[in-house]
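A.B. asks: Sharing a model prediction with you, sequence too.
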Number of protein chains: 2
Amino acid sequence: MNQWITQFRKGLVELCIMAVLRDDEAYGYQIVEKLGSVAGLEVTESTVYPVLARLARDRCVTIRTAPSPAGPPRRYYRLSETGRRRLAEMIDHWQSLQNSVNQLTQGAFP
Amino acid sequence: MNQWITQFRKGLVELCIMAVLRDDEAYGYQIVEKLGSVAGLEVTESTVYPVLARLARDRCVTIRTAPSPAGPPRRYYRLSETGRRRLAEMIDHWQSLQNSVNQLTQGAFP
DNA sequence: GCAGCTACTATGTATTACGTTGTAGTCGGC
DNA sequence: GCCGACTACAACGTAATACATAGTAGCTGC
């Protein structure tokens, strides 16, 4: 009966992936690992890759392929200028949304 | 291109509706109104009623029907003990999730 | 060449928010 | 009494997304 945990995550994954990409480029599996170490934000590859594909479709990321030390070539994703702008907007909205939800959960609402 | 605003909300609506019900019972339209006045949490009836139905299915709410002053009878929803327990768990998880996302968006992550 | 590991992809399922349409009850005006 | 407006609830279909599962492909070591 903890499916709401998954639902909480829904909608926030894209924000988190973009946040991961803000400081440095990363490839898919790396993103899965990074998010795997943040409580409540564990996601699978089958989630991450479609998100990355969507970001690419929207031109929010640029992609560079480089050799991997022990496997097939890696596709490194980096935020584009468009992506940075969207991330900034999303972070703004996230802050606002947080406040709103906290208002409600703390009993202070109209 | 602001569909991520809707996506942000997805998964959090149930928590917010339950939070609204924490202090006092409310009927569907009233919940729509209350949430309509909280930034980023505006939801439509077609969202609220299925959520209420889910909560009823899971025995998280009790329902009382009472006459309305100018329309059909209202169905008032109130959190049950089960509902209160779930809400407490969800609030806990929400706090944790907030911290996690903030870690990422503020650039402090592993 | 094959197994194990890495890295990516496709497919199908489950869930949920929303837009649209509709039903039904009450009230006031004509 | 009927109709329109408003209130309150419900059904249906669409769109989006997270996840489980299955699979492909490249690289390395044996």
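C.D. replies: Right, received. Where do you want to start? Residues are numbered from 1 along each chain as shown, chains lettered A, B, ... in the order given.
A.B. asks: and stretch A:86-101, how far out from the chain's middle?
C.D. replies: In terms of C-alpha atoms, centre = their mean, to the nearest Å, the centre of stretch A:86-101 is set 14 Å apart from its chain centre.
A.B. asks: That one near DNA strand D anywhere?
C.D. replies: No - Stretch A:86-101 is not in contact with DNA strand D by C-beta under 7 Å from any atom of the strand; minimum separation 11.5 Å. The C-beta positions use only the backbone N, C-alpha and C, and glycine is treated the same way.
A.B. asks: can I get the CA coordinates of that stretch in CSV?
C.D. replies: Extracted C-alpha coordinates of stretch A:86-101, given in CSV (Å, rounded to 0.1, in the frame of the first residue of the first chain):
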residue,chain,number,x,y,z
ARG,A,86,13.6,25.6,-18.2
LEU,A,87,15.3,24.2,-15.1
ALA,A,88,15.4,27.7,-13.5
GLU,A,89,11.6,28.0,-14.2
MET,A,90,11.0,24.6,-12.8
ILE,A,91,13.0,25.3,-9.6
ASP,A,92,11.0,28.5,-9.1
HIS,A,93,7.8,26.6,-9.4
TRP,A,94,9.1,23.8,-7.2
GLN,A,95,9.8,26.3,-4.4
SER,A,96,6.3,27.8,-4.7
LEU,A,97,4.7,24.3,-4.8
GLN,A,98,6.6,23.3,-1.7
ASN,A,99,5.4,26.2,0.2
SER,A,100,1.8,25.5,-0.9
VAL,A,101,1.9,21.9,0.1
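A.B. asks: Can you list the buried residues in that stretch?
C.D. replies: A:R86, A:L87, A:M90, A:I91, A:H93, A:W94, A:L97, A:Q98, A:S100, A:V101 (16 or more other C-beta atoms under 10 Å in any protein chain shown).
A.B. asks: how about it, does it get close to DNA strand C?
C.D. replies: No - shown here: stretch A:86-101 not in contact with DNA strand C (C-beta under 7 Å from any atom of the strand), separated by at least 11.9 Å.
A.B. asks: Pull the residues that contact that stretch.
C.D. replies: Outside stretch A:86-101, the residues that touch it by C-beta atoms under 8 Å, 6 or more residues apart in numbering or on different chains are A:12, A:14-15, A:18-19, A:22, A:58, A:60, A:79, B:1, B:4-5, B:8-9, B:12, B:15-16, B:19, B:38-41, B:94, B:98, B:101-102, B:105.
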